[in-house]
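Student: Only the shape, not the letters, is given here:
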């Protein structure tokens, strides 16, 4: 089942539980605006080349729209739609004043020089500058984009509208980026894990963890779990997988990966296949990579008692059912990986105030938001007698539906 179908299915189930009016249900699914633009740039050799850029703005009932911009050859409109919608529910679950958006350009960043990427980003910004803005739609980095991309968007946007650091988040620190943004998603995953474990009378210390994906999110989560006395017994990424039943030395593994670019051949652990990681013996499994990795083929063999969805949509609906029957606790993506967008919100707030925070304050506030959201989800679970995924969806959908009807959507 693709991401859009799964998201729609979860939304419809939440709407049914909440008893939403069918008219408002339909209106919440339809995106506010979809933008598609042609971006033609001269390549370094002088030839002209055209790319298609787009932005889906899903909902703005609770505030400006917010979401990433990805540069990827297969930017699929359906997936972007699903991710924009997911951002609407995610920001509502975290209780930050945004709606959802998502966008991108269909290109292969590896095949473009830095100056070509800069030209492409600037042309894209010229085409959409009057449709984004501090109080309208605030982009952020995603696959294939980074802080430098945001710096170019900020500069190009500012040519039209004056210096506006709050128009994008995930910026370089020197241009108004927030301290703690780099680690935010991984740190949020850890705070979410602590909240769900506390509910079951456990803590990170002494438990075993398997982490799939060792990019930004996975490596930060592993590092912080290691610092807090958790035993990371298995880690995998595109290059391979390693395990050590006594716990991997994460700082040493990070050094090894920086030096060699891969996990394999690390002295302090044995290698295994990446597929084995998902069914590895552990207390907590954290998928931080791609969607759809837990499916009906492997769900039966999963041995973890808790699954923390740091990736978007890692568990497909079939696996969801199988795992729930086994009594596995699944912390859903729209809550578990909301640390990134929460600290993006802090960055936006700091830019608007023109007053920057210490990193300690950023992390403290992030913990407060993540912990509060978990308790809100739990109370939805109790009142609607549902699992954590539906608790999170009903919480998010209910907040957006309330804002929509309070603003007078029929007028």
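Tutor: Right, received. Where do you want to start? What you see is a predicted model, and the numbers here were worked out from it, not measured in a lab. Numbering: from 1, shown residues only.
Student: chain center to the top helix by length along the chain: distance?
Tutor: Ranked by number of residues, the top helix in the chain under DSSP state H is helix 359-384. Offset of helix 359-384 from its chain centre (CA atoms, centre = their mean, to the nearest Å): 16 Å.
Student: Following element in sequence after it, please.
Tutor: On the C-terminal side of helix 359-384, the closest following helix or strand by DSSP states H and E is helix 388-407.
Student: Give the residue spans of the chain that score low on pLDDT.
Tutor: For the chain, the stretches with pLDDT under 70 are 1, 409-411.
Student: all strands for it, in order.
Tutor: Ranges of strands in the chain, per DSSP state E, are 33-42, 48-57, 65-71, 99-105, 137-141, 208-212, 231-237, 240-243, 270-272, 284-287, 306-308, 329-331.
Student: Count the residues that sit near residue 385.
Tutor: 9 (other CB atoms under 10 Å). No exception for glycine: its C-beta is placed from N, CA and C like everyone else's.
Student: pretty sure residue 314 contacts residue 290?
Tutor: Yes. With contacts counted by CB atoms under 8 Å, residue 314 reaches residue 290, the gap being 7.3 Å.
Student: These two: who's more crowded?
Tutor: Between residue 314 and residue 290, residue 314 has the larger neighbour count (other CB under 10 Å), namely 28 against 13.
Student: residues near the residue lying closest to that one once chain neighbours are set aside, how many?
Tutor: In space, not counting the residues next to it along the chain, residue 314 is nearest to residue 287; the distance is 3.9 Å by CB to CB, 6 or more residues apart in numbering. Using other CB under 10 Å, residue 287 has 28 other residues around it.
Student: Now do the same contact list for residue 287.
Tutor: Residue 287 is in contact with 212-213, 278, 293-294, 307, 309-311, 314-315, counting by CB atoms under 8 Å, 6 or more residues apart in numbering.
Student: repeat for residue 176
Tutor: 165-166, 347, 350-351, 356.
Student: Just the ones in helices from the residues you listed, please.
Tutor: Short answer: those in helices (DSSP H) are 347, 350-351.
Student: could the contacts of residue 176 go into TSV alongside neighbour count and distance to residue 28?
Tutor: Shown next, in TSV, are those (neighbours: other CB atoms under 10 Å; distance: CB to CB, whole Å):
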residue	neighbour count	distance to residue 28
165	19	31
166	21	27
347	27	27
350	21	31
351	24	29
356	15	36
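Student: Show me which of these is closest to residue 133.
Tutor: Using CB to CB, residue 166 comes nearest to residue 133 of the contacts of residue 176, at 9.0 Å.
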